[in-house]
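1. Turn this into a model:
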Amino acid sequence: MRDHRKLQAFNLAHNAVLGTYKATKAFPKEELFGLAAQMRRAAVSVASNIVEGSARESKADYARFIDMAYGSAKELEYQVELARDLGYLGGEHSVRLASQCSRSAQVLNALVRALRSR
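-> Got it, this is the predicted structure:
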């Protein structure tokens, strides 16, 4: 078993979850069950897949869950862009959250490639 807390990918993902929850608090009420909820699910999915993958015994299972986390990170990247374009995220929130998502996706992609090349 791997300790997910020691992974840079997990720490970046966890910070993105916190940032997503903070940012989506200010969304319009009509988006509570729309884009805000979808963004929160995607953000939590990134971190959760890292945790679940870390608990798996085989390297193949671990890589599969990290790959799913990467997909969710890319999904969240787009949703942040969409929220910005719709005017729900502005200024500092948008830039910070986009940066967190992008960095998380980069680290996850590198981790997936490293796991599959071994």
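
2. Check which residues of whichever strand or helix holds residue 46 are buried.
-> Residue 46 belongs to helix 35-54 when assigned by DSSP states H and E. Judged by neighbour count (16 or more other Cβ atoms under 10 Å), helix 35-54 contains these buried residues: 35-36, 38-40, 42-54. C-beta: built from backbone N, CA, C; applies to glycine.

3. Check stretch 79-95 too.
-> Using 16+ other Cβ under 10 Å as the test for burial, stretch 79-95 gives 79, 80, 83, 84, 88, 89, 93, 94.

4. ok, of those, which one's closest to residue 10?
-> Comparing the buried residues of stretch 79-95 against residue 10 with Cβ to Cβ places residue 80 closest, at 19.4 Å.

5. Give me the local confidence score for the closest one.
-> Residue 80 carries a pLDDT value of 96.

6. Could you do the one 10 residues further on as well?
-> Per-residue confidence for residue 90 comes out at a pLDDT of 85.

7. got the contact list for the nearest residue to it once chain neighbours are set aside?
-> Spatial nearest neighbour of residue 90, excluding adjacent residues (Cβ to Cβ, 6 or more residues apart in numbering): residue 84 at 7.2 Å. Applying Cβ atoms under 8 Å, 6 or more residues apart in numbering, we find residue 84 in contact with 90, 94, 98.
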